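Colleague: Based on what follows, work out the 3D shape:
(chains A, B, C and D)
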Number of protein chains: 2
Amino acid sequence: MTEDPRPAGSPTLEDVARAAGVSRATVSRVVNGVRNVDPVIQESVRQAVAATGYTPNRAARSLVTRRTDAIALVVSGAGDDPTPEDETGGAHPAGSTGGDGGGHHAGSTRGAHDPDEPDGGAGASFTAQVFADPFFGRVVTGVVNYLRPRGMYPVLMFAETSRARDEVVSYLRQGSADGALVVSTHADDPLPALITDAGLPAVLYARPSRPTRISYVDLAHQDGARLAAEHLLARGCRRIATITGPLDVPAGQDRLAGFRDTMARAGQPYLPLAEGRFTQESGEAAMARLLAEHPDLDGVFAANDVMAVGACHVLREHGRRVPEDVAVIGFDDSSAAVACRPPLTTVRQPVEEMAAEMARLLLDRLAGSDRAVTSVIFEPSLVVRGSA
Amino acid sequence: MTEDPRPAGSPTLEDVARAAGVSRATVSRVVNGVRNVDPVIQESVRQAVAATGYTPNRAARSLVTRRTDAIALVVSGAGDDPTPEDETGGAHPAGSTGGDGGGHHAGSTRGAHDPDEPDGGAGASFTAQVFADPFFGRVVTGVVNYLRPRGMYPVLMFAETSRARDEVVSYLRQGSADGALVVSTHADDPLPALITDAGLPAVLYARPSRPTRISYVDLAHQDGARLAAEHLLARGCRRIATITGPLDVPAGQDRLAGFRDTMARAGQPYLPLAEGRFTQESGEAAMARLLAEHPDLDGVFAANDVMAVGACHVLREHGRRVPEDVAVIGFDDSSAAVACRPPLTTVRQPVEEMAAEMARLLLDRLAGSDRAVTSVIFEPSLVVRGSA
DNA sequence: GCGCGATGGGAGAGCGCTCTCCCGCTCCCC
DNA sequence: GGGGAGCGGGAGAGCGCTCTCCCATCGCGC
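Modeller: Below you'll find the model as predicted:
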């Protein structure tokens, strides 16, 4: 036969088959390592693959296998968005989605962006808030590091409004991903149910507020809070207060419960507290309130590091030394804990490992080996640094 | 017409066509809004779509259109190495843009997660380092916010080793994405060229060290440094030093050059400097060095916020008040700038907008309207807060 | 009345891959 | 020597979609 005119696009199975003098099916078998193929033929196929520079076409494969080998990593926000969209203004300008995020983390530490935020919204967007917290970066890290050796990469999605949620679901329904990892910042997030209703497996970070037939990973928040309480007590603190997380999410509730229980058990039934929203600013405000009511306090447990950092700032501004006058303990062991002075003593939440486990659960599910709904609860540990 | 037995999978074009009593082609036309279709038929097709709950199958569409409507967001790291020594010379000079590299936070308390990746150490820490810096979160924010209204979502990829780079390229060659947005933390990153060689369009964040036929967005670093210098001078500082970024990346070089030039022009030819690597720890070390040699300095320009924060810590530990004794200016206007006390006066890099522009350039390119290689340079601005 | 362009719809050929059949061959046991 | 069983390979039917043809219809100018 004569040389084929080089086909325009990238080489296909057919091209490789021709080059190797075998059938398409055989090449496919070699490429996918399925069934026995004569070693000699295998080798010649491999050479043909190398010679042609063949790469399987993902869409074609996906079409027949009904798998994409992609998974979605969805950060899901506030539950409902009754307000009709501000869509007109928000859609087109770069960097703005018109998503005004919903809420509880609003304000946050980024307030200072406003002065010169020409294309409004970008700095205040849900997306921006999400990444302002070191937490989500760690989730991404854990997920990516688990997926990568397996040749998979996450598609990053955000769903903070009901409209965005619909878009996410419809995207998933198109068969763009085999499953979803959902990190909710909201207690009653309807997204997980929507996803599973659409027939896709999902795994959650953190226990949903209502029991569902969806696997999740979580932390033993109460144990973590207990570690913090015990450390403060062992340190000799006797006038201890806490800055809680938002009390409408399980993590906020559990950390408070665990702390309060341990304190009570140690004979300290009265626990001054101020509610924060996991943002530095809210931590500052909470600390200021606590200090006003209890000027003599000597220990503070903040339900996350970012609030603890805010608390330290306020304590210092009020002339208290950390840890000499007031001991401060955070929660998470995020990058914020080591970025401040003194570095934070904190309860470590192994976010990366938890995220990796989330990915593992999903992949197991996809592999079909395990259809069971499971939960994996991680144990926190205390990391002692300078602040307590 | 009898009821069809419900087909197992999700409804296809064929199903809709049957329900609407038209051909597949017509349904496709309506769904994609192409060519004229009789309004009456259009309506009945729409109803059929709604009734069947039809969603186009992405793989099938992708197979014929040769487009995936997905783009990759690649964070690319150090140029070369099968060697796992990332601590010595290579040192991940991050952030042609002020991105954080280094990651010395890692050692202390971060338990190595990543249980099941043999070569994982380097990769794991790279990913973690990347997100330890507020910078990358902002890039993601900008990109996501631009893509989302357009129904697209980024696939997140990392390429810090040559092996990872190959995997990224091969993934892209499979037709998994239509193009790539590349954020390099390394000056001589071979990845962009590899991607374009594979026939995919790419857009870079930050000017590559060698000129290439690839579009990019960047910041006028020198102008930003000039703003910082002018502000310090106007404030009355006379013994000014700078903590530079890594001097092997353009951003580090340009910020230094701009600062130095302005100082020289103002009659201050001698500029004490210490090189950092865009990490807080390196900023602390640099500040300590500067302070040792020039105990009387009254102004510091750090080439990014994270280093500025470190500098503030060291200054305070040496009994200097910020800004009363020493004024400090950062660069980036990242979340770190507002998270510290006093909040940082800093040069704002509009990362979100720049990232959005990057996405815009890529999408324009994909739309075919614009095959030209372009660059878009953003102007920085000064954000005055407490530190200077 | 005829031609002819414009309009709107259908038929059907793939896109590149996987996977089920099926067929020919060899081996081995009776 | 006959006949499974087992193995290795090929043929070919789609997966669900888009898009090029092609055809039927209609309006309209000459």
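Colleague: what about the helices in the stretch 251-388 of chain A?
Modeller: Taking DSSP state H, counting those that start in this stretch as the test, the helices found in the stretch 251-388 of chain A are A:280-293, A:305-317, A:335-339, A:351-367.
Colleague: what do you get for the stretch 51-200 of chain A?
Modeller: Under DSSP H, counting those that start in this stretch, the stretch 51-200 of chain A gives helices at A:58-65, A:87-90, A:126-132, A:134-147, A:162-173, A:191-197.
Colleague: Which one, of those, ends up nearest to A:Pro269?
Modeller: helix A:134-147 (31.9 Å; CB to CB). For every residue, glycine as well, the C-beta is placed using N, CA and C.
Colleague: on contacts alone, who are the packing partners of that closest one?
Modeller: strand A:71-76, strand A:154-159, strand A:179-184, helix A:351-367, helix B:120-132, helix B:134-147, strand B:154-159 (3 or more CB pairs under 8 Å, 6 or more residues apart in numbering or on different chains; DSSP states H and E).
Colleague: Is A:Val49 in contact with A:Thr26, as I believe?
Modeller: No - if you go by CB atoms under 8 Å, A:Val49 and A:Thr26 don't touch, sitting 11.8 Å apart.
Colleague: Share the number of residues neighbouring A:Ala264, please.
Modeller: A count of nearby residues for A:Ala264, using other CB atoms under 10 Å in any protein chain shown, gives 13.
Colleague: which residues does it contact?
Modeller: Each residue near A:Ala264 by CB atoms under 8 Å, 6 or more residues apart in numbering or on different chains is listed here: A:Leu271.
Colleague: how close does it sit to A:Val328?
Modeller: 21 Å (CB to CB, to the nearest Å).
Colleague: Relative to DNA strand D, how far out is A:Asp223?
Modeller: 48 Å (CB to the nearest atom of the strand, to the nearest Å).
Colleague: same question but for A:Ser125, I mixed them up
Modeller: Separation of A:Ser125 from DNA strand D (CB to the nearest atom of the strand) stands at 31 Å.
Colleague: Help me confirm that that residue comes into contact with B:Gly142.
Modeller: No - using CB under 8 Å as the test, A:Ser125 is too far from B:Gly142 to be in contact (9.5 Å).
Colleague: okay, the two: which has more neighbours?
Modeller: Set A:Ser125 next to B:Gly142 and count neighbours by other CB under 10 Å: B:Gly142 wins out with 31 against 27.
Colleague: Mind putting the helices and strands packed on helix A:134-147 into CSV with distance to DNA strand C and mean pLDDT?
Modeller: Converted to CSV, these look like this (distance: least, CB to the nearest atom of the strand, whole Å; pLDDT from 0 to 100):
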stretch, distance to DNA strand C, mean pLDDT
strand A:71-76, 19, 94
strand A:154-159, 21, 94
strand A:179-184, 18, 94
helix A:351-367, 13, 94
helix B:120-132, 27, 66
helix B:134-147, 25, 93
strand B:154-159, 19, 94
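Colleague: now for the ones you listed, which one comes closest to B:Gln222?
Modeller: Here helix B:134-147 is closest among the helices and strands packed on helix A:134-147 (CB to CB), at 19.2 Å.
Colleague: Only C-alpha atoms, please: export the closest one in PDB.
Modeller: Output in PDB follows, covering the C-alpha atoms of helix B:134-147 (Å, rounded to 0.1, in the frame of the first residue of the first chain):
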ATOM      1  CA  PRO B 134      -3.400  33.800  49.200                       C
ATOM      2  CA  PHE B 135      -2.300  34.500  45.600                       C
ATOM      3  CA  PHE B 136      -3.500  31.300  44.000                       C
ATOM      4  CA  GLY B 137      -6.900  31.400  45.600                       C
ATOM      5  CA  ARG B 138      -7.300  34.800  44.000                       C
ATOM      6  CA  VAL B 139      -6.300  33.500  40.600                       C
ATOM      7  CA  VAL B 140      -8.900  30.700  41.000                       C
ATOM      8  CA  THR B 141     -11.400  33.200  42.000                       C
ATOM      9  CA  GLY B 142     -10.900  35.400  39.000                       C
ATOM     10  CA  VAL B 143     -10.900  32.500  36.600                       C
ATOM     11  CA  VAL B 144     -13.900  30.800  38.000                       C
ATOM     12  CA  ASN B 145     -15.900  34.000  38.200                       C
ATOM     13  CA  TYR B 146     -15.200  34.700  34.500                       C
ATOM     14  CA  LEU B 147     -15.900  31.200  33.300                       C
END
